[in-house]
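just coords:
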């Protein structure tokens, strides 16, 4: 599970700390909040980029889990096959990486589009259901007429 919940990973984005920050310094910083904050103040752009990337990734994973659970309900019957194909692929990939001891988070990057697809389908299904039940019509915004 460390493969999926590593907050220090850049997940393939080019926001790594400079090479002047050694491995021991990174390890020491990760062991305390004060150390992480000091490193973040020293490299604010990289820290903000990593925080944004990790926040997006954790929100995406959280919503993915929610929609996988919701896929058991009849409301999501139309998207259930796609959801479970994505789940099987992600689980198979995770198991293969764990068995071969390739537990670097960069290897999870190819699964992100499948996770985003499931989340998008889940959100679209919610919006469609909301429209069908009349709980909040989404009306287009039109510009006022000049005439």
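Ah, there it is. Small disclaimer: the values here were computed from a predicted structure and weren't measured.

Quickly find the element holding the residue nearest to the spatial centre of the chain.
Relative to the mean C-alpha position of the chain, the nearest C-alpha, by CA atoms, centre = their mean, is the one of residue 57, at 2.5 Å. Element membership for residue 57 (DSSP states H and E) is helix 44-70.

what helices or strands is that helix leaning on?
helix 33-42, helix 80-99, helix 112-132 (3 or more CB pairs under 8 Å, 6 or more residues apart in numbering; DSSP states H and E). C-beta coordinates here come from the backbone N, C-alpha and C atoms, glycine included.

Can you lay out those helices as CSV showing mean pLDDT and distance to residue 62?
CSV is the format used below for the helices and strands packed on helix 44-70 (pLDDT from 0 to 100; distance: least, CB to CB, whole Å):
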stretch, mean pLDDT, distance to residue 62
helix 33-42, 83, 22
helix 80-99, 90, 15
helix 112-132, 87, 9
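
As TSV, those helices with distance to residue 64 would be great.
Shown next, in TSV, are these (distance: least, CB to CB, whole Å):
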stretch	distance to residue 64
helix 33-42	26
helix 80-99	8
helix 112-132	5
